[in-house]
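A.B. asks: Task: produce atomic coordinates for the following.
(one chain, ligands or ions: 1)
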Amino acid sequence: MINFKRQANAIKNCNKTNKTNKNAVIAEIKVHSPKYGDLLKQRNELDILKIYEEAGVVGISYITDKQYFNGDFDVFKEICKNTELPVLRKDFITKKAEIEKTAEAEASTVLLIPRILGEETAEFVDYANSCGLDTLVEVHNEQEIEIAKNTKTSMIGINNRDICKLELDDGTVSLTEKLANLIPKDRILVSESGISNLNDLNIALMYTDAVLVGTSFMKADFEIQKEFVKSFVGENYD
Ligand SMILES: O=C(O)c1ccccc1NCC(=O)[C@H](O)[C@H](O)COP(=O)(O)O
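C.D. replies: Residues are numbered from 1 along each chain as shown. Got it, this is the predicted structure:
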């Protein structure tokens, strides 16, 4: 089977080149937010993909959940097909068949949530790895960190928001500051959600290897979107 394990390597390679001030930014093509509504605003997902690529991000995230985030698996497949960047699938995965479907789409990484999978998280990580996928195991509290630590996941994400509140809470990077030192250094650590400006970004990157940003990139006006994303990636990126 083809090995799609690219997300973790992309972040590691990016960090090696940090001499050039390039930050490891995973950019989300987020079409809908439960809090802000439509974020796509009649734009095309593949145009946004191109902007993110040109801005120098290390990876792409896309939410396939339809019910709350208006995601579309066919769009996800198109995104995977149209980029060399690693692509993360975010969804509420509960079945191994969904992991197979993610690998078939030639994604790089699948999100797994201990809040949903509990002690089965480790088994789902192994299964995703056997399908050639990287895994991002997402935590929001100490109990979930214990579950994540007992898996072979290469990446752990601290979601600054409580996903059970479906984005109606305001996540802040203070959660990343609080939890980061509980996560073993051999895992790639990602700060996710609620990162809306360079101050948030800099705080998150003091504690983590990468950040995942959606809403603030999507809310930036189309004309300035690339420059805005570039400012997160780092001034010296070309
Ligand atoms: O993170 C999850 O557990 C999740 C699972 C399924 C659908 C959506 C999910 N979370 C939302 C996000 O992933 C955020 O959009 C992402 O972290 C970006 O956050 P923001 O920059 O605040 O839009």
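A.B. asks: The ligand contacts on this protein?
C.D. replies: 28, 30, 63, 65, 69, 90-92, 111, 113, 138, 159, 163, 192-195, 212-216 (Cβ under 6 Å from any ligand atom). Any C-beta I mention is one placed from the backbone N, CA and C, and that applies to glycine too.
A.B. asks: what do you get if the cut-off is 8 Å, keeping everything else the same?
C.D. replies: Residues of the chain lying near the ligand by Cβ under 8 Å from any ligand atom: 28, 30, 33, 61, 63, 65, 68-69, 71, 90-92, 111, 113, 115, 138, 157, 159-161, 163, 167, 171, 192-196, 212-218.
A.B. asks: In ChimeraX, how would I select just the buried ones from those residues?
C.D. replies: Those of the residues of the chain next to the ligand that count as buried under 16 or more other Cβ atoms under 10 Å are selected in ChimeraX with:
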select :28,30,33,61,63,65,69,71,90,91,92,111,113,115,138,157,159,160,161,163,167,171,192,193,194,195,196,212,213,214,215,216,217,218
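A.B. asks: mind listing which of the residues of the chain next to the ligand are in helices?
C.D. replies: Residues of the residues of the chain next to the ligand located in helices (DSSP state H): 115, 215-218.
A.B. asks: between those residues, which is closest to K178?
C.D. replies: R115 (17.3 Å; Cβ to Cβ).
A.B. asks: Wait, that closest one touches H140, no?
C.D. replies: Yes: using Cβ atoms under 8 Å, R115 is in contact with H140, at 6.9 Å.
A.B. asks: got any residues that touch both of those two?
C.D. replies: Counting by Cβ atoms under 8 Å, 6 or more residues apart in numbering, the contacts common to R115 and H140 are I163.
A.B. asks: circling back: so which of the residues of the chain next to the ligand sit within strands?
C.D. replies: 28, 33, 61, 63, 90, 111, 138, 157, 159, 192, 212-213 (DSSP state E).
A.B. asks: give me the low-pLDDT residue ranges for this structure?
C.D. replies: 1-5, 16-20, 235-238 (pLDDT under 70).
A.B. asks: List the contacts of K152.
C.D. replies: By Cβ under 8 Å, 6+ apart, the residues touching K152 are 122, 125-126, 129.
A.B. asks: Could you report the separation of it from E144?
C.D. replies: 16 Å (Cβ to Cβ, to the nearest Å).
A.B. asks: One more: F124?
C.D. replies: Taking Cβ to Cβ, one finds F124 at 14 Å from E144.
A.B. asks: Helices of this protein, residue ranges please.
C.D. replies: Listed in chain order, the helices found in the chain under DSSP H are 7-16, 45-55, 73-81, 96-104, 114-117, 121-130, 142-149, 174-179, 198-207, 215-219, 222-233.
A.B. asks: Please point out which parts of the fourth one sit buried.
C.D. replies: What that stands for is helix 96-104. 98-99, 101-103.
A.B. asks: Could you do the fifth one as well?
C.D. replies: Taking 16+ other Cβ under 10 Å as the basis for neighbour counts, the residues of helix 114-117 that come out buried are 114-115, 117.
A.B. asks: Same question for the last one.
C.D. replies: Buried residues in helix 222-233, counting neighbours by 16+ other Cβ under 10 Å, are found at 225-226, 228-233.
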